[in-house]
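Enquirer: coords below, sequence missing:
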């Protein structure tokens, strides 16, 4: 398998589960726009980490492969959230479970 395909495959795998990890830090009370910004930033950081973990820091010398992997993580994370995690209610449940309740909400 070519290096590009391997890197893209890894990026898509990371992006597919990334919305569940992002849901841990997001809060139900946040606006949709703010949640989207957080999700995109997390996906871009995860893309950079994926490139570094998959091929090492030297991989960043190959701009096209690096960008393909980062964009693969971003596309997979947004698509899997919209098609799988949001309709299944799993990501929203994780958001609710990881949100600290104030004393007034606990009553």
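Expert: Great, that's in hand. This one's a predicted model, so the numbers in the text were calculated from it and none came from an experiment.
Enquirer: hey, let's count contacts and neighbours off CA atoms from now on
Expert: Fine.
Enquirer: if we look at the helix or strand containing residue 73, which residues are touching it?
Expert: Under the criterion of DSSP states H and E, residue 73 resides in helix 63-80. Helix 63-80 is touched from outside by 4, 7-8, 10-19, 40, 43-44, 46-48, 50-51, 59-60, with contacts defined as Cα atoms under 8 Å, 6 or more residues apart in numbering.
Enquirer: and that helix, what's its mean pLDDT?
Expert: Taken as a whole, helix 63-80 carries a mean pLDDT of 89.
Enquirer: Quick one: distance of it to the chain centre.
Expert: For helix 63-80, the separation from the chain centroid amounts to 10 Å (computed by Cα atoms, centre = their mean, to the nearest Å).
Enquirer: how about it: buried residues?
Expert: Neighbour counts over helix 63-80 (16 or more other Cα atoms under 10 Å) mark 65-78, 80 as buried.
Enquirer: Excluding covalently adjacent residues, which one is nearest to the residue nearest the centre of the chain?
Expert: With distances taken as Cα atoms, centre = their mean, the residue of the chain nearest its centroid is residue 18 (3.4 Å). Leaving aside its chain neighbours, residue 18 sits nearest to residue 77 (5.9 Å; criterion: Cα to Cα, 6 or more residues apart in numbering).
Enquirer: gap between that neighbour and residue 97?
Expert: Residue 77 sits 21 Å away from residue 97, going by Cα to Cα, to the nearest Å.
Enquirer: which residues touch residue 26?
Expert: 35, 38, 95.
Enquirer: can you pick the most crowded of those?
Expert: When neighbours are counted by other Cα atoms under 10 Å, residue 95 leads those with 20 neighbours.
Enquirer: correct me, but that one touches residue 25?
Expert: Yes: contact criterion Cα atoms under 8 Å: residue 95 and residue 25 qualify, at 7.3 Å.
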